[in-house]
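1. When you get a sec, could you give me coordinates for this:
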Amino acid sequence: MRRAATQSRAASPPGAAVEAQHESDHIRRQRVDFRGAGVVAAAAESGGAVESGGAAESGADLFARPFGELAVGDRFVTGARRIEERDILDFAALTGDGHPQHTDPEWATGSRFGEQIAHGLLVLSFAVGLLPLDPERVVALRRVGDAVFKQPVKIGDTVHVEGEIVRTREVDAEHGLVEARLRILNQSGRLAVRTDVELVWRA
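-> Below is the predicted model:
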């Protein structure tokens, strides 16, 4: 299998191949349409590429590549999604997290933030949803870690994701693990959340 020169080659831990195979079998035939009605274009008309210390691809291009063609330092940018009050109330009902900071406009007016804000985990969920995970390549989301919530996301804000691959590791002949660092930004370019995700990727 061809490997980029910058790719990490840490040895696979015992049982990693079995774990990856289990996750692969579990969702092998699932298909996800990531182009939801709430997603709008956030990148330039030239296909989503941006310049910021090096070219970033549109997410769809990178997430369609086989594991062997990925390299540490590869960057990507996603489309964007506007946060509506209905999203927040639906998330509160679904999860049971009905804290008035999210659900009660009157209470939220007197809070530190001065208005309703989205649940941090809702913003994180939207960020994962914005990743154009090609089902032929990305087998599973294995881990979400080190999430830091830096800026509240308010009703009417629009968020998108800028990401970078920071580590890759071969698991077996058919799968690898890809760790990406995500930055969730609002419409003003301010950092709302940063987090790392690890994905099981097909060769």
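2. which element is Gly79 on?
-> Using DSSP states H and E, Gly79 sits within strand 75-82.
3. packing partners for that strand?
-> Applying 3 or more Cβ pairs under 8 Å, 6 or more residues apart in numbering; DSSP states H and E, one finds that strand 75-82 contacts strand 39-40, strand 55-58, helix 59-63, helix 120-130, strand 158-170. (C-beta placed from N, C-alpha, C; glycine too.)
4. Stretch 158-175: which residues count as buried?
-> 159-165, 168-171, 174-175 (16 or more other Cβ atoms under 10 Å).
5. Among those residues, which pair sits farthest apart?
-> Pairwise distances across the buried residues of stretch 158-175 (Cβ to Cβ) peak at 33.8 Å, for the pair Val159 and Glu174.
6. Report the contact partners of the closest residue to Ala173 other than its chain neighbours.
-> If the residues on either side of it in the chain are set aside, Ala173 comes closest to Ala203, at 7.0 Å by Cβ to Cβ, 6 or more residues apart in numbering. Going by Cβ atoms under 8 Å, 6 or more residues apart in numbering, Ala203 touches Met1, Pro66, Phe67, Gly68, Ala173, Glu174, His175, Gly176.
7. want to try JSON lines for these, with distance to Ile155 as columns?
-> Output for the contacts of Ala203, formatted as JSON lines (distance: Cβ to Cβ, whole Å):
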{"residue": "Met1", "distance to Ile155": "47"}
{"residue": "Pro66", "distance to Ile155": "40"}
{"residue": "Phe67", "distance to Ile155": "39"}
{"residue": "Gly68", "distance to Ile155": "43"}
{"residue": "Ala173", "distance to Ile155": "48"}
{"residue": "Glu174", "distance to Ile155": "44"}
{"residue": "His175", "distance to Ile155": "40"}
{"residue": "Gly176", "distance to Ile155": "39"}
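8. Next, give me the two most distant ones among these.
-> Pro66 and Ala173 (12.5 Å).
9. From Ala203, how far off is the spatially most central residue of the chain?
-> Closest to where the C-alpha atoms of the chain average out (Cα atoms, centre = their mean) is Val128, at 3.3 Å. The gap separating Val128 from Ala203 is 23 Å, by Cβ to Cβ, to the nearest Å.
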